[in-house]
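Peer 1: sharing a model prediction with you, sequence too.
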Amino acid sequence: MSQNVEPVFALDIGTRTVIGIVAAKEEEKLRILAQEVVEHAGRAMYDGQIHDIPQVAAAVQRVKNGLEEKLGKKLEKAAIAAAGRALSTARVTVEQKVDDVEIDENTVRSLELIAVRKAQEQLAQEAQLKDRYYYVGHSVVTYFLDGFPISNLVGHRARVIGAEALATFLPVSVVDSLFSVLSRVRLQPLNLTLEPIAAADAAIPEGVRLLNLALVDIGAGTSDIAITREGSVVAYGMVPLAGDELSEAIAESCLVDFGTAEQIKRQMNQAEEITYRDILGNQESITRADLLELLDPTLNRLAEEIAAAVLNLNGGRPPKSVFCIGGGAQVPTLTDRIANKLKISPQRVGLKNRAALKNLLPPKDDQAAGPEGITVVGIATTALKNAGHTFIDVKINEKEAKVFNFPGLRVSHVMSHIDFTPRHLIAQNGRDLRFFLNGRPEVVWGELARPAMILLNGKRASLQTPVQNGDEIIFLPAQDGRDARAYVKDYLVPEMAINITLNEQKVSLKPVCLLNDLPVGPEAEIKSDDHLVINARHTVEKLARLQGLDLSRAQILVNGQKVSGQYVLKEGDHVEIKSVPAEDVEGREENLAGEAPRPEGGSEGEPQERNGQARDKEKRGGIRIKVNGKEVTLKDCLTPIFVDAFNFVEINPDGCSGRLVLRLNGRPASYTDPLQDGDEVEIGLAKG
C-alpha cells in the first residue's frame, strides 16, 4: 500500500450516532484503515445541534479509544463537519486581471479567496444576520476565461479571469460547541466543513455533477440538501426534520421511550412483525404495515418538506435524480413519497450506500456500509483536499485559541474566543453636572470615555487587521467616563475662612453655605440643578452677632482705627469692641450706619445736608435698606444684590430645619435680585 499523505481521522458527529474513520489515500482511492460506530447514551443532540457537550464528548472518546486500540497509535487531530441547521450561504461572482500570463493553481486560489471575502461582506450587510458567523467552506459554480465559462482555469492564458462561487457560513455558537467537544477529548481540529458539502464530495463525483442532481442526507435531526448542475454544487439547504420525527411518533403511538422507539424504527426493514415492551412493562407487537400506517402523516410531512426545499433550491424545477443518504433515509416508502412530491419517477429517487462509491476501499465487516456511512467518507476526502487549510494558533488576552484559517481571517473573527460583544467597542462620556453657584450657572464636566484598544503583537491594530499563526492579541474594552460629582468643599477656598483677634481672643470665621436654601456643611454633595450660595463676607456686625455682642453701646476699632459695623474683616485683623458712654450713642449710631459726621463749618440747611449725604453714599457705594425690620447700610458694594443682606442675618447650619424664605419688598426673591436704596428684605425659615 502506497500512501501519498498522512492518514486522516474523520468524525461524523450525528444526532444519534458518532462515526469515526481513519482513512488514507491509496493511488486514486481512499482506504478506510479503521472504523468505530458509537451511539449517544441519551438525547445529547437535537436537530444536529449539540445540547449536552459532556455526553457528546463521552461518545467521541469511545470512538477515539476504539480507533487508537485498532491502530496502535495516538490520534491528535480530527476532521469534523457541522450540520446545516443554521446554514447561511452567499452566491457571488468576482473577476481578476491576470495580464495574459499562464494561470497556475495559486492564481486560481487567490481568485477563490476574493470570492469568499466578497461573500462575507455580502452576508454582513444582511439585517437578519445578527449573530457572528464562521466561514466553513465554498464551492465554485463555474470559472470564467475572458468572460466565457470554463471548467478549469489552470494552464490557460487570459486578460481577465472570473469565478462564480457559493460560500457557506455557520453561527459561531454551532462551531464552538464542536470545538469544545474536541477539546474535552484532547483532539485538535484538523479541518472543518459542512455536512452537505462533505456528503456531496463523497456521493456525487465531479464527472456526475454535470447533471442536475439533488443529494439529500436524512439523518436523525436534520435533512441536509445539496444541488448540482453544470459540473458544480450550486446550492445548499436544510430541513429541520428527519428520523427523530419518526421515532417520536412511534414513542407516542406505542407508549415506549425514545430508545425503544429507535429500535422499532430500525427493525422496519428487517421484520414483518416487531415485538417490544411499553413503558408499563407489557410485551406488545406491531406489524410493519400497521407501523407504516401510524407513521403515514409524519412520513408525508417529512417528504413534503424535503421536496419543497429541493424545488426551492433548484429554481422551482425538480432535479433529474435524487440521491438519498443517511440513516433516516432507510425508512420504507420514504424515497417513493419524495418522488411523488417532486412528481418524478420513483426510479429517479434512490438510496446510495458505500458500495456505490467506486473510489472507496471500505473495511472488512463494515459497520456503516449503508447510507449512514457516506458523510464521514466525505469529511475525510474534504480534509485531504484542503490539507493546506489547517487551523492556526493565536493568543487573545493571554488565552490560547485555535482558529480556523479561512481566507481573510481578521481580528474581528478571533474575538469570538473571548467574552466580547459590540458594546465593548462603544463608551460614553460621563454626564456633566450643571448647577447654580451664587446665582450663576456652573458646569462640572464628566470624565471623557476611554476608547477600546486592540494590540496585535504589541502594536496598535483594528478589527480589520489580518491575523496569522502565532499572533498575540490584546483587547482592552472601551470604558465609560465617570459622571461628574461635586461637593460644597470644592468651592471653598482658604481665603473664605479667616482668623482674627477679637478683644485679645483668637476667632475663626467660616463662610455660610446654603444649598437649595438650606444650611449645609462642606461635605454636602451638589446635585444637578441645585442652587449653592456661599457667603464669605465677614463684617464686624456679623462677628458681633456670632459672639453675642451689642454694638448699640460700643466703639469699634480695627487695627487701632475706628470703623463701622459694615467693615469687611480681613485675615489677621485685630478687632476691639469697647463700651462707650450713653451720650455718645447718637454719634456712634451714625457711625454704625456708615455715615460720616457733618464736616465742621459746612453749609446749614436740610437740602445741603441731604446733598452732602448723597454724595457721601455715592462715594462709598452704600445704600440703606431694611433687613427683617432693622435698618442697615450696605457699604462697599458696587452692585448690591439680595445675597449681600445675609451679612445682617445670623444663620447657623447646626440644628436648623425648614426651608429658607426670601422676600424683597413683600414678594418672593432670589439670591441675585438687585437691591436699591429703601428696599425691605425678609430672610427666615418657614415652619414645618
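Peer 2: Cool, the structure landed. Numbering: from 1, shown residues only.
Peer 1: any idea what Leu30 is bridged to?
Peer 2: Using DSSP bridges, the beta-bridge partners of Leu30 come out as Lys25, Leu360.
Peer 1: and it, what pLDDT?
Peer 2: Looking at Leu30, its pLDDT stands at 92.
Peer 1: surely it meets Ile379?
Peer 2: No - under the criterion of CB atoms under 8 Å, Leu30 lies out of contact with Ile379, with a separation of 11.3 Å. In this view, the C-beta of every residue, glycine as well, is placed from N, C-alpha and C.
Peer 1: higher neighbour count, these two?
Peer 2: When neighbours are counted by other CB atoms under 10 Å, Leu30 and Ile379 differ, and Ile379 comes out ahead with 35 against 21.
Peer 1: for the more buried one, which three-state class applies?
Peer 2: Three-state secondary structure (criterion: DSSP: H, G, I helix; E, B strand; the rest coil) places Ile379 in helix.
Peer 1: residue contacts, it?
Peer 2: Contacts for Ile379 (CB atoms under 8 Å, 6 or more residues apart in numbering) come out as 10-12, 79-81, 191, 193, 198.
Peer 1: who wins for most neighbours among those?
Peer 2: Using other CB under 10 Å as the neighbour definition, these reach their maximum at Ala198, which records 31 neighbours.
Peer 1: check for me that that residue belongs to a helix.
Peer 2: Yes - under three-state DSSP, Ala198 falls within a helix.
Peer 1: quick one, helices of the stretch 51-200 of the chain?
Peer 2: Along the stretch 51-200 of the chain, the segments classed as helices by DSSP state H, counting those that start in this stretch run 53-71, 105-124, 172-184, 195-203.
Peer 1: before we move on, what about the stretch 401-550 of the chain?
Peer 2: Remark: helices assigned in the stretch 401-550 of the chain by DSSP H, counting those that start in this stretch are 411-414, 540-547.
Peer 1: dump those helices to a markdown table, plus distance to Ala308 and mean pLDDT.
Peer 2: Rendered in a markdown table, the data for these read as follows (distance: least, CB to CB, whole Å; pLDDT from 0 to 100):
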| stretch | distance to Ala308 | mean pLDDT |
| --- | --- | --- |
| helix 411-414 | 34 | 78 |
| helix 540-547 | 92 | 81 |
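Peer 1: and Tyr143, bridged to which residues?
Peer 2: Tyr143 forms beta bridges with Ile150, Ala163, as assigned by DSSP bridges.
Peer 1: I figured it was touching His156, is that so?
Peer 2: No - with contact taken as CB under 8 Å, Tyr143 and His156 are classed as non-touching, separated by 9.3 Å.
Peer 1: counting neighbours, go ahead and name the busier of the two.
Peer 2: Neighbours of Tyr143 and His156, each counted by other CB under 10 Å, are more numerous for Tyr143; the result is 24 against 14.
Peer 1: for that one, what are its contacts?
Peer 2: The contact partners of Tyr143, by CB under 8 Å, 6+ apart, come to 108, 149-153, 161-163.
Peer 1: equivalent analysis for Leu71, please.
Peer 2: For Leu71, the set of contacting residues under the criterion of CB under 8 Å, 6+ apart consists of 22, 33-34.
Peer 1: how many residues are close by Leu87?
Peer 2: What Leu87 shows, counting by other CB under 10 Å, is a neighbour count of 22.
Peer 1: wait, it sits on Tyr236?
Peer 2: Yes - with contact defined as CB under 8 Å, Leu87 and Tyr236 form a contacting pair (6.1 Å).
Peer 1: beta partners of Val632?
Peer 2: When bridges are called by DSSP bridges, Val632 pairs up with Ile625.
Peer 1: what is the burial count for it?
Peer 2: Val632 has 22 neighbours, counted by other CB under 10 Å.
Peer 1: just to revisit the earlier point, and the furthest pair within the contacts of Tyr143?
Peer 2: In the contacts of Tyr143, the most distant members under the criterion CB to CB are Val108 and Pro149, with 14.8 Å between them.
Peer 1: between those two, who's got more neighbours?
Peer 2: Remark: of Val108 and Pro149, Val108 carries more neighbours, 18 against 13, as counted by other CB under 10 Å.
Peer 1: in this structure that one contacts Leu153, no?
Peer 2: Yes - applying CB under 8 Å, one finds Val108 in contact with Leu153, separated by 5.2 Å.
Peer 1: quick one: Arg288 and Val568, what's the gap?
Peer 2: Taking CB to CB, to the nearest Å as the criterion, Arg288 is separated from Val568 by 111 Å.
Peer 1: quick one, strands of the stretch 201-350 of the chain?
Peer 2: If DSSP state E, counting those that start in this stretch is used as the criterion, the strands of the stretch 201-350 of the chain fall at 213-218, 223-229, 232-239, 273-277, 283-287, 321-325, 349-351.
Peer 1: those: lowest mean pLDDT?
Peer 2: Set side by side, the strands of the stretch 201-350 of the chain differ in mean pLDDT, and strand 232-239 is lowest with a mean of 82.
Peer 1: CA-only coordinates of that strand, as CSV, when you get a sec.
Peer 2: Coordinates of each C-alpha in strand 232-239 appear next as CSV, following Å, rounded to 0.1, in the frame of the first residue of the first chain:
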residue,chain,number,x,y,z
SER,A,232,-20.7,22.2,-9.7
VAL,A,233,-22.6,22.2,-6.5
VAL,A,234,-24.8,25.3,-6.9
ALA,A,235,-26.9,25.3,-3.7
TYR,A,236,-27.1,24.0,-0.2
GLY,A,237,-30.1,23.8,2.1
MET,A,238,-31.5,22.2,5.2
VAL,A,239,-34.9,20.9,6.5
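Peer 1: for it, what is the distance to the chain centroid?
Peer 2: Between the centre of strand 232-239 and the centre of its chain there are 32 Å (CA atoms, centre = their mean, to the nearest Å).
Peer 1: strand partners (parallel or antiparallel) of that strand?
Peer 2: Under the criterion DSSP bridges, strand 232-239 sits next to strand 223-229 (antiparallel) in its sheet.
Peer 1: who touches the strand it pairs with?
Peer 2: Contact partners of strand 223-229, identified using CB under 8 Å, 6+ apart, comprise 83-84, 194-197, 199-200, 204, 208-209, 211-217, 233-239, 241-242, 302, 305-306, 309-310, 313-314, 319, 326, 328.
Peer 1: CA-only coordinates of it in PDB, if you can.
Peer 2: Output in PDB follows, covering the C-alpha atoms of strand 223-229 (Å, rounded to 0.1, in the frame of the first residue of the first chain):
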ATOM      1  CA  SER A 223     -32.100  16.600   6.400                       C
ATOM      2  CA  ASP A 224     -29.200  18.400   4.600                       C
ATOM      3  CA  ILE A 225     -29.500  19.100   0.800                       C
ATOM      4  CA  ALA A 226     -27.100  19.900  -2.000                       C
ATOM      5  CA  ILE A 227     -27.900  20.600  -5.600                       C
ATOM      6  CA  THR A 228     -25.500  20.000  -8.500                       C
ATOM      7  CA  ARG A 229     -25.700  21.400 -12.100                       C
END
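Peer 1: now do that strand against strand 321-325, angle only.
Peer 2: With axes from the mean of the first three to the mean of the last three CA atoms, to 10 degrees as the criterion, the two stretches strand 223-229 and strand 321-325 enclose an angle of 150 degrees.
Peer 1: okay, buried residues for strand 223-229 please.
Peer 2: By neighbour count with 16 or more other CB atoms under 10 Å, strand 223-229 contains the buried residues 223-229.
Peer 1: looking at the residues you listed, which is nearest Asp529?
Peer 2: Proximity of the buried residues of strand 223-229 to Asp529, judged by CB to CB, is greatest for Asp224, which lies at 63.0 Å.
Peer 1: good, wrapping up.
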